[in-house]
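1. dropping the sequence and predicted coords here.
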Amino acid sequence: MTAQRALPMKVPVPGLPARVRIHEVGARDGLQNEQEIVPTEVKAEFIRRLAVAGLTTIEATSFVHPKWVPQLADAEALFPLLGEIVDVGDVSLPVLVPNERGLDRALALGARSIAVFGSATETFAARNLNRTVDESLAMFEPVVARAKADKVHVRGYLSMCFGDPWEGAVPVAQVVRVAKALMDLGCDELSLGDTIGVATPGHVTALLTALNEAAVPTEAIGVHFHDTYGQALSNTLAALQHGVSTVDASAGGLGGCPYAKSATGNLATEDLVWMLDGLGIETGVDLDALTATSVWLAEHLGRPSPSRTVRALAPSSSSASHKE
């Protein structure tokens, strides 16, 4: 008898969202820390395959100065190659912009969804943006205002929401203050980042509750967990139980943070989809196609995917070698 591929039994849990929108960050957050430059054409094909797999929000690149993130220096060359992806379906291709100059570059290429990237802690704001938290908010203010005037969707990333490698545990009230300030600027949604992966489910619930009490609605919140201590899925489940229905993840579990060396990989999109499939939550994502995409990229990167689900479904990927 031929063995069949394992599938999770669908056992819904009452009170969870019926559908989750996965905000795929592999092409930006996942690749930004790669030392070897990935060819622009490979990035474009990676994004195309993600769209074919059913992902409808795919963060494409970042319009930062090439000096700071050399891997994403090809933003102007990459973005025009993605025009045909909209033919795959209703796909959004957000881009990260650090300031007004980045916004100018993104708008010139027709970007209709952007993100700004703030910090809940002073140390990381200084290291990442060379500004205080309040100075960074002031820098974002005209970016958000101009984007909204042009009917461009704006996401506000907030990093170090649970812990900071220099400052330790981050008080919930401190995170709420900066999160509320970002939303007050006019952001359409907020992504809470566990940049160094130290969150636990109770902490997640406490922060989400405090944000609601500060008039930040659950429907405007997304979560972005790193798996440093193996807590990303349990933290995601806690967020789902609170009503969150937007979850950031990176195909193959790629990524980290170039400004926080203790930040390991993002939650793998395949691991997330496996859990959501088992819970009977719709995502629109074809897990087989997504797994094949991560195996394909792993061959280009010359190392196996860190995603447990990718390794389980495509064990031959553990011997991935560089593809010339």
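-> Arrived safely, thanks for sending.
2. and residue 162, what does it touch?
-> By CB atoms under 8 Å, 6 or more residues apart in numbering, the contact set of residue 162 is 169, 170, 175, 194, 196, 198, 199, 203, 204, 207. For the C-beta atoms, the positions are set from N, CA and C on the backbone; glycine is no exception.
3. how close does it get to residue 168?
-> Between residue 162 and residue 168 the computed distance is 11 Å (CB to CB, to the nearest Å).
4. same check on residue 101?
-> 34 Å.
5. and those two? which has more neighbours close in?
-> Taking neighbours as other CB atoms under 10 Å, residue 101 and residue 168 compare with residue 101 leading, 13 against 9.
6. so that one sits in a strand?
-> No: read with DSSP: H, G, I helix; E, B strand; the rest coil, residue 101 is helix and lies in no strand.
7. separation between it and residue 275?
-> In terms of CB to CB, residue 101 sits 40 Å off from residue 275.
8. quick one: the helices in this structure?
-> 40-52, 75-78, 100-108, 122-129, 133-149, 172-185, 201-213, 232-242, 269-278, 287-301, 308-313 (DSSP state H).
9. hey, which of these is tucked in deepest?
-> Among the helices of the chain, ranked by average contacts under mean count of other CB atoms under 10 Å, first place goes to helix 269-278 (a mean of 24).
10. which residues are in contact with stretch 242-249?
-> 17, 19-25, 29, 189, 191, 204-205, 208-209, 218-219, 221-225, 236, 239-240, 266-269, 271-272.
11. now it - C-alpha only, CSV.
-> Only the C-alpha atoms of stretch 242-249 are listed here, as CSV (Å, rounded to 0.1, in the frame of the first residue of the first chain):
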residue,chain,number,x,y,z
HIS,A,242,-8.7,37.0,21.5
GLY,A,243,-10.2,37.5,18.0
VAL,A,244,-7.1,38.6,16.0
SER,A,245,-7.4,37.4,12.4
THR,A,246,-4.3,38.8,10.8
VAL,A,247,-1.0,36.9,11.3
ASP,A,248,2.4,37.6,9.9
ALA,A,249,4.5,34.7,8.8
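12. so which bits of it are buried?
-> Neighbour-count burial for stretch 242-249, counted by 16 or more other CB atoms under 10 Å, picks out 242, 244, 245, 246, 247, 248, 249.
13. from those residues, which ones fall inside strands?
-> Judged by DSSP state E, those include 246, 247, 248, 249 as members of strands.
14. let me know the closest of those to residue 108.
-> Nearest to residue 108, judged by CB to CB, of those is residue 248 at 26.4 Å.
15. and that closest one, how far is that from residue 204?
-> According to CB to CB, residue 248 and residue 204 sit 14 Å apart.
16. kindly report the same for residue 296.
-> 33 Å.
17. which regions of this structure lie under the pLDDT threshold?
-> For the chain, the stretches flagged by pLDDT under 70 are 1-5, 86-89, 256-264, 316-324.
18. could you redo the last one with a cut-off of 80?
-> 1-6, 84-89, 256-264, 315-324 (pLDDT under 80).
19. what's the neighbour count on the closest residue in space to residue 66 that isn't next to it in sequence?
-> Nearest-residue entry for residue 66: residue 73, 3.5 Å, with adjacent residues in sequence omitted and distances by CB to CB, 6 or more residues apart in numbering. Residues lying near residue 73 (other CB under 10 Å) number 18.
20. please name the nearest non-neighbouring residue to residue 112.
-> residue 152 (5.6 Å).
21. can you pull the contacts of the one you found?
-> Neighbours of residue 152 in contact, by CB under 8 Å, 6+ apart: 107, 111, 112, 113, 114.
22. residue 241 too?
-> 15, 16, 205.
23. again with residue 278
-> 8, 9, 10, 11.
24. can you do 10 Å?
-> 7, 8, 9, 10, 11, 12, 13 (CB atoms under 10 Å, 6 or more residues apart in numbering).
25. if you rank these by neighbours, which is first?
-> residue 8 (15 neighbours).
26. and the closest residue to that residue other than its chain neighbours, how far from residue 215?
-> Once flanking residues are discounted, residue 8 sits nearest to residue 278: 3.4 Å by CB to CB, 6+ apart. Residue 278 sits 34 Å away from residue 215, taking CB to CB as the criterion.
27. got the contact list for the spatially closest residue to residue 294 that is not a sequence neighbour?
-> Spatial nearest neighbour of residue 294, chain neighbours left out: residue 252 (3.5 Å); criterion: CB to CB, 6+ apart. When contacts are counted by CB under 10 Å, 6+ apart, residue 252 is found next to 26, 30, 46, 265-266, 268-271, 290-291, 293-298, 301, 304-307, 309-310, 317.
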